[in-house]
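**Q** Pasting the sequence and the predicted coordinates here, then a few questions.
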Amino acid sequence: MKRRFVGLTDTGVVRTANQDSHSIDDPQGRFFIVADGMGGHAGGEEASRIATEQIKAYLEVHWDDTEMSSGQLLEEAIDKANKSILADQEEHPERKDMGTTVVVTIFRDRPWCAHVGDSRLYLWRKSELEQVTEDHTWVSLAIKSGEISKEQAKHHPWRHVLSQCLGRKDLYKIDLQELDVQPGDVILMCSDGLTEEVPDEKIQDFLSECETCEQTAEKLIEAAKEAGGSDNITVVLVAADD
């Protein structure tokens, strides 16, 4: 299945530094990575950079390892990234609070994705948008338990509190899943700088009006900035050609 893809990032309107990081396997399009760092300018930038670079390097080295399934490959790559961030924290105590989210998609034997945190993966198909990943946040857990509603979660003061991220010794779960990608589908991977400003309904409309991946990514970022642009914004689009 041929793929068209693009990755764009923007500092946004409010922030002075970009703590997001992303990587695309260009021109082959085998894997795509988005990370959203936290822990101050230097810390957040460093955490997302380490995660992206370590995952990219691990995937490249072990891509053809037939003894390793796609799920194992993703889990090992993210675990390696987490350990690298922890090692950097030990070496640089001033960055001890740094961490990062991550979402990764690979097209190997079958498409797979993995994620930690609240950077998301969506699947757009026939003008319908579905959030595939589940946020690792306090509000997501509270919705599941019935403590708050989805509507309350949109404006809850704890909506940014992560239950999981890289850069923590207690990382206990990396969410892994095989993706059902069909010709004509579009995968959207993004940091919460997009989803905090642009509701899913509007994201769906932009994807439905898609002419090229580049134009759509630019429009999504511009929409987030026009809505306030309070955070860094990263968008990766992967279109499965029919």
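**A** Alright, I've got the coordinates. Residues are numbered from 1 along each chain as shown.
**Q** contacts and neighbour counts: CA atoms only from here.
**A** Noted.
**Q** so after the lowest-mean-pLDDT helix or strand in the chain, what's the next helix or strand?
**A** Lowest by mean pLDDT, DSSP states H and E among the helices and strands of the chain is helix 150-153, with a mean of 68. Downstream of helix 150-153, the next assigned helix or strand under DSSP states H and E is strand 175-178.
**Q** Buried residues of that following strand, list them for me.
**A** Judged by neighbour count (16 or more other CA atoms under 10 Å), strand 175-178 contains these buried residues: 175-177.
**Q** With distance to residue 96 and pLDDT added, can I get those in CSV?
**A** What follows is these, written out as CSV (distance: CA to CA, whole Å; pLDDT from 0 to 100):
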residue, distance to residue 96, pLDDT
175, 24, 97
176, 27, 98
177, 31, 98
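**Q** will you turn those residues into JSON lines that also has distance to residue 19?
**A** Output for those, formatted as JSON lines (distance: CA to CA, whole Å):
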{"residue": "175", "distance to residue 19": "23"}
{"residue": "176", "distance to residue 19": "24"}
{"residue": "177", "distance to residue 19": "26"}
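**Q** Residue 12: which of these is nearest?
**A** Residue 12 lies nearest to residue 175 out of the buried residues of strand 175-178, by CA to CA, at 28.3 Å.
**Q** if I pick residue 35, what's in contact with it?
**A** 20-22, 48-49, 51-52, 100-103, 119, 191 (CA atoms under 8 Å, 6 or more residues apart in numbering).
**Q** Filter these down to the buried ones.
**A** Neighbour counting over these (16+ other CA under 10 Å) leaves 20-22, 48-49, 51-52, 100-103, 119, 191 as the buried ones.
**Q** sorry, back to before: return the subset of the contacts of residue 35 lying in strands.
**A** Among these, the members found in strands (DSSP state E) are 20-22, 100-103.
**Q** Going by distance to residue 140, which of the buried residues of strand 175-178 wins?
**A** After measuring the buried residues of strand 175-178 against residue 140 - CA to CA - the closest member comes out as residue 175, at 14.4 Å.
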